[in-house]
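1. A predicted structure for the sequence below; I have some questions about it.
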Amino acid sequence: MSKSVRRKPSHGAVAVLVEDEKFLVIRRSRLVRAPNMLCFAGGTIEIGEQPEETIVRELKEELSLDATAVRHVFQNRTSWGTLLEWVLVERHENSQPIANPAEVSEWMWLTASELLDRHDLLPSVPDFFWAWATGQLEMPERAGTPESKWKFIKPNGRLVN
Ligand SMILES: Nc1nc2c([nH]c(=O)n2[C@@H]2O[C@H](COP(=O)(O)OP(=O)(O)OP(=O)(O)O)[C@@H](O)[C@H]2O)c(=O)[nH]1
């Protein structure tokens, strides 16, 4: 969520950090676009950057977290036209998140089911879990197994029972 030179059209990268079936989630600060919403850490890909570099930089800026990109897992486009690159990351041993209040008001570890129960998510987050549940992306064992009910999460929508 830095304010430096941007590439147009908007192209962003999202950090997927999962341990023991819990995903690292941030609440966006009230000072940024989509204030107070829950999402994964990430931000705009700057000129000359690879998505893997963007998410390492954004994890440092938003959460003071040291992490390594593992692999690109997914790509999608938001309803407002931003192309998103989803990158699996691992945090460095002993590196703990500390929220930068200019960008992040809090962080939390949530299971996918806990996440999908929330009503304050950026719409790309249920889209990501829908894609996982429908076999469009591969996640490591530590992420657990996608639940079949997530297949009923409509893209940009909520869980349909
Ligand atoms: N950080 C983050 N951004 C996401 C997610 N899902 C999603 O659609 N986005 C979108 O990706 C774009 C870039 O994210 P951002 O808002 O955190 O980053 P930024 O300040 O560098 O970019 P911006 O000021 O152009 O919006 C925004 O349009 C944001 O809404 C997500 O899970 N995490």
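-> Received it, and whenever you're ready, just let me know what you need. Model, not experiment: these values are computed from the prediction.
2. what number of residues lie near L84?
-> Counted by other C-beta atoms under 10 Å, the residues lying close to L84 total 23. All C-beta spots, glycine's among them, are computed from the backbone N, C-alpha and C.
3. list the contacts of it.
-> Neighbour list for L84: 12-14, 42, 75-78, 124 [criterion: C-beta atoms under 8 Å, 6 or more residues apart in numbering].
4. partners of the helix or strand hosting it in the sheet?
-> For L84, the host element (DSSP states H and E) is strand 83-91. Using DSSP bridges, the strands paired with strand 83-91 are strand 11-19 (parallel), strand 67-77 (antiparallel).
5. how far off strand 11-19 does the helix or strand that comes right after that strand point, in degrees?
-> Following strand 83-91 in sequence order, the next helix or strand is strand 104-111 (DSSP H and E). Here strand 104-111 runs at an angle of 50 degrees relative to strand 11-19 (axes from the mean of the first three to the mean of the last three C-alpha atoms, to 10 degrees).
6. can the helix or strand just after strand 104-111 be found next to the ligand?
-> Proceeding N to C from strand 104-111, the next assigned helix or strand is helix 112-116, under DSSP H and E. No - Helix 112-116 stays clear of the ligand (C-beta under 6 Å from any ligand atom), getting no nearer than 10.6 Å.
7. and helix 112-116, what's buried?
-> Within helix 112-116, the residues that qualify as buried are 112, 115-116, counting by 16 or more other C-beta atoms under 10 Å.
8. now stretch 92-111
-> For stretch 92-111, by 16+ other C-beta under 10 Å, it's 97, 99-100, 103-105, 107, 110.
9. any chance of these in CSV, plus distance to the ligand and pLDDT?
-> What follows is the buried residues of stretch 92-111, written out as CSV (distance: C-beta to the nearest ligand atom, whole Å; pLDDT from 0 to 100):
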residue, distance to the ligand, pLDDT
P97, 14, 98
A99, 13, 98
N100, 12, 98
E103, 8, 97
V104, 10, 98
S105, 13, 98
W107, 12, 98
L110, 13, 97
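10. distance-wise, check F129 relative to the ligand.
-> Distance from F129 to the ligand, counting by C-beta to the nearest ligand atom, to the nearest Å: 11 Å.
11. no wait, E49
-> 11 Å.
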